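# Give me a 3D structure for the following:
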Amino acid sequence: FRMIAAEAKKHAFYDSKYFTLAVFGLITVITIIANSNTFTASFHFDDIPAITDNATIKQVSAENIFKIISGARPVVYLSIMLNYQLSGLNVVGWHIFNIGTHIANSFLVYLFILRTLTVPALKTRYAGQAKWMALFCALLFAVHPIQTETVTYIISRSELLATFFYLGALLLFSSGAQTGKGRYYWAAFFSAVLAMGSKEWAVTLPAVILLYDYLILSEGNFRTVLSRWWVYILLVLSWWPVLRTMNLFAQNSSIGFNMRAPSSAASGAAPRKALTPWTYLLTSLNVIWTYIRLLFLPINQNIDYDYPVAKTLLEFRTLLSFAGHLAVIGGSFWLFWKKRWALVPFGVAWFYITLSPVQSFVPLLDVIFEHRLYLPSIGFFLAFVVMYEKLFARLEGRDVSVNAAVNAPGKASGKASGKASGKASRKKAGKR
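Prediction:
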């Protein structure tokens, strides 16, 4: 892939306005090929109550539209109503919608990573690599096997739609921060509202934008972040679609603190004891490592896991998982504070923050689902691609000039000037 990218950069086409169109075409073709055997996959599990048995979506009327808008995930159910009007219960039309939305999300991943790598703080460092790194990241996101459940399981369009508006809000916020034009911030707010109306985990959006602003856009200058205080108030107000419909204390719910006890996987066995916030948190420590393993090695995938519930932190597996998370998070902090890297810590933070609504202390009936990795995987792929690029940059000797500037003593202008230039070079090269 790097060899192809290196050859492409030799041609004028690489810097032309048509390159992005070519990237979109490549992503589209590869994604359709990767999902070509899913167009006739049938309805399963939650598809039945949400689509096939849902009378509300089968007739377009003011009453039904109002009922959808006043309920949970209105954006998703409006899309289901539209889809039903266009294709009935012919699954091909439903899969076209899901795959098309996934392709659009892959476009947004490319644009978001490219925008990130070309902000003023990073543009010099990644000037020659930004496009291929963004493409690499987008292709990983588009065709990684971990996305199969999200794209193929029809009702998982909630993940697809929420991610679309989530990424849209990030791009619009970035445009507002770079241009100073308020209309981008307002557009980001409306995109955030649509994300919240698609899936509840979108409540993490203000936190991710705040971190992105601090680490990437404002280059660690908190005063610059605070100057956009009114935008963050808008983003918090976008939580309204979630707050008005979610009750974490409802009795016999599939989510929350009074959740009904899940049935045992064994037929005829007594139900397992309901998960508590503590046991769900402990189990999530292990689940997240399963997710990471699936991102590196996507084998033995399953749409309906029978996953062991952790009971105490002192279980060897759980304790090891906890120590591993501390090492990853602590290492990310160290990379930022000591090495002044921004992209890898941001990717790690993205992964954990976007997983937190579904893999922390708020119990859900199912402790693991692969579709929960859809949005978090973007942070993982960003960190992976940046580390991949840094490794090969060192192997190819592209960091030599920086190392020389840092380590070589001053010659013409003395040792002090050499140290000053070293610090300047280190500052420019630090944000990786």
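
# Run through the residues that contact the spatially most central residue of the chain.
Nearest to the geometric centre of the chain sits residue 375, at 2.8 Å (CA atoms, centre = their mean). When contacts are counted by CB atoms under 8 Å, 6 or more residues apart in numbering, residue 375 is found next to 159, 162, 163, 166, 201, 354. From N, CA and C alone the C-beta is placed, and that goes for glycine too.

# and the residues you listed as TSV, adding pLDDT?
Formatted as TSV, those follow (pLDDT from 0 to 100):
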residue	pLDDT
159	98
162	98
163	98
166	98
201	96
354	98
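
# Narrow the residues you listed to those in strands?
Among these, no member is found in strands (DSSP state E).

# Inside helices: which ones of these?
Taking DSSP state H, the ones among the contacts of residue 375 that sit in helices are 159, 162, 163, 166, 354.

# What is the burial count for the residue lying closest to the fourth one once chain neighbours are set aside?
Once its chain neighbours are removed from consideration, residue 166 has its nearest residue in residue 195; the separation is 4.6 Å (CB to CB, 6 or more residues apart in numbering). Applying other CB atoms under 10 Å, we find 29 residues neighbouring residue 195.

# what comes into contact with the helix or strand containing residue 195?
Using DSSP states H and E, residue 195 maps to helix 182-196. Contact with helix 182-196 is made by 75, 161-162, 164-166, 168-170, 172-173, 175-176, 202-203, 205-206, 209, 228, 231, 234-235, 237-242, as judged by CB under 8 Å, 6+ apart.

# If we use 6 Å, what do you get?
75, 162, 165-166, 168-169, 172-173, 175-176, 202, 205, 231, 234-235, 238, 241-242 (CB atoms under 6 Å, 6 or more residues apart in numbering).

# Kindly provide the whole-number mean pLDDT of whichever helix or strand comes after that helix.
Of the helices and strands lying after helix 182-196 in sequence (DSSP H and E), the nearest is helix 205-212. Mean per-residue pLDDT for helix 205-212: 97.

# Next, the buried residues of helix 205-212.
205, 206, 207, 208, 209, 211, 212 (16 or more other CB atoms under 10 Å).

# what's the answer for stretch 35-52, then?
35, 39, 41, 43, 47, 50, 51.

# and if you look at stretch 139-154?
139-144, 146-154.

# mind checking how far that stretch is from the chain centre?
13 Å (CA atoms, centre = their mean, to the nearest Å).

# again, but for stretch 142-155
Taking mean C-alpha positions (CA atoms, centre = their mean), stretch 142-155 and its chain are 14 Å apart.

# Residues touching it, excluding its own?
27, 30-31, 34-35, 38, 41, 46-47, 50, 94, 98, 102, 106, 156, 159, 294, 298, 303, 370-371, 373-374.

# Now stretch 329-340: average pLDDT?
In this model, stretch 329-340 has a mean pLDDT of 92.

# follow-up on the earlier one: flag every buried residue along the helix holding residue 195.
184, 185, 187, 188, 189, 191, 192, 193, 194, 195, 196.

# Quick one, grab the pLDDT at residue 408.
With respect to pLDDT, residue 408 has a value of 34.

# now swap in residue 85 and tell me
96.

# That one: neighbour count?
12.

# and the host helix or strand of it with helix 182-196, angle?
Using DSSP H and E, residue 85 maps to helix 74-87. Angle between the axes of helix 74-87 and helix 182-196 is 70 degrees (criterion: axes from the mean of the first three to the mean of the last three CA atoms, to 10 degrees).

# which other helices and strands contact whichever helix or strand comes after helix 74-87?
Sequence-wise, the next helix or strand downstream of helix 74-87 (DSSP H and E) is helix 91-117. Secondary-structure packing of helix 91-117 (3 or more CB pairs under 6 Å, 6 or more residues apart in numbering; DSSP states H and E): helix 18-34, helix 74-87, helix 130-143, helix 157-179.

# Off-centre distance for helix 91-117?
12 Å.

# Give me the buried stretch members for the helix or strand following that helix, please.
Following helix 91-117 in sequence order, the next helix or strand is helix 120-123 (DSSP H and E). Residues 121, 122 are the ones in helix 120-123 that count as buried (16+ other CB under 10 Å).

# Extract the CA atoms of helix 120-123 and return them as PDB.
C-alpha atoms of helix 120-123 as PDB (Å, rounded to 0.1, in the frame of the first residue of the first chain):
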ATOM      1  CA  PRO A 120      -1.600  24.000  10.900                       C
ATOM      2  CA  ALA A 121       0.000  22.200  13.800                       C
ATOM      3  CA  LEU A 122       0.400  18.900  11.800                       C
ATOM      4  CA  LYS A 123       0.500  20.100   8.100                       C
END
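
# Which residue ranges of the stretch 301-432 of the chain form helices?
316-337, 343-355, 376-395, 400-407, 414-430 (DSSP state H, counting those that start in this stretch).

# Pick out the shakiest of those, pLDDT-wise.
Least confidently modelled of the helices of the stretch 301-432 of the chain is helix 400-407, at a mean of 34 by mean pLDDT.

# Flag the helix or strand of this structure with the lowest per-element mean pLDDT.
Lowest on mean pLDDT, DSSP states H and E among the helices and strands of the chain sits helix 400-407, with a mean of 34.

# The residue nearest to residue 213 when sequence neighbours are not counted is in what secondary structure piece?
In this structure, residue 213 finds its nearest non-sequential neighbour in residue 225, 5.1 Å apart by CB to CB, 6+ apart. Assigned by DSSP H and E, residue 225 belongs to helix 222-226.

# returning to what we had before: and which of the contacts of residue 375 is nearest residue 333?
Using CB to CB, residue 354 is the member of these that lies nearest residue 333, at 18.4 Å.
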